[in-house]
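# structural data only, the sequence is not supplied:
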């Protein structure tokens, strides 16, 4: 059982680069994803302004209540839901559709944690997805969520993302 954890649809509320796509673009991507991955369940976002794709299974429970019921987690957007997936003990697939610009150290840790594939939404989606799934299902790569520790655990009274990434850039191990 696999769960797709999307972001919200934003209607006309577009803002900033690398943040959201127009709903039509995001829906096109989602239709291609569900067309390539039979049996995938759509996790409805609690703040979504629109109905999810028609004709697919939808889970409306809060993510923290349903995540344990799935064997595989899939996402395309870095936010709270994706972080819950990354720190889980489940296999994870991240489709990078260009909605975030990530720090190089985090990107390295992300790629160590999950199956990663860059998707170009301006190209045909079916061949990209077919290639990605063929690779995922044929390789037996062991992944760990240990690399996510610096991003989710804090042992100090205060915390600064700027300090975290400065220390990571210097190659330091963190005791935060």
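Sure, I can see it. Note that the structure is predicted; figures quoted are calculated from it, not measured.

# now do stretch 96-109: distance from first to last residue.
14 Å (C-alpha to C-alpha, to the nearest Å).

# buried ones in it, by neighbour count?
Buried residues in stretch 96-109, counted by 16 or more other C-beta atoms under 10 Å: 96, 97, 99, 105, 106, 109. Every C-beta, even on glycine, is put in place using the N, C-alpha and C of the backbone.

# quick one: average pLDDT of that stretch?
Stretch 96-109 carries an average pLDDT of 83.

# likewise for stretch 43-63?
Here the average pLDDT along stretch 43-63 is 82.

# and it, how far out from the chain middle?
Centre-to-centre, stretch 43-63 and its host chain are 16 Å apart (C-alpha atoms, centre = their mean, to the nearest Å).

# partner residues bridging the most centrally placed residue in the chain?
Centroid-nearest residue in the chain, with C-alpha atoms, centre = their mean: residue 75, separated by 3.1 Å. Beta-bridge pairing for residue 75 (DSSP bridges): residue 5, residue 94.

# contact partners for it?
4, 5, 6, 81, 82, 85, 92, 93, 94, 95 (C-beta atoms under 8 Å, 6 or more residues apart in numbering).

# help me confirm that the fifth one comes into contact with residue 94.
When you say that, I think you mean residue 82. Yes. At 7.4 Å, residue 82 and residue 94 qualify as touching, with contact defined as C-beta atoms under 8 Å.
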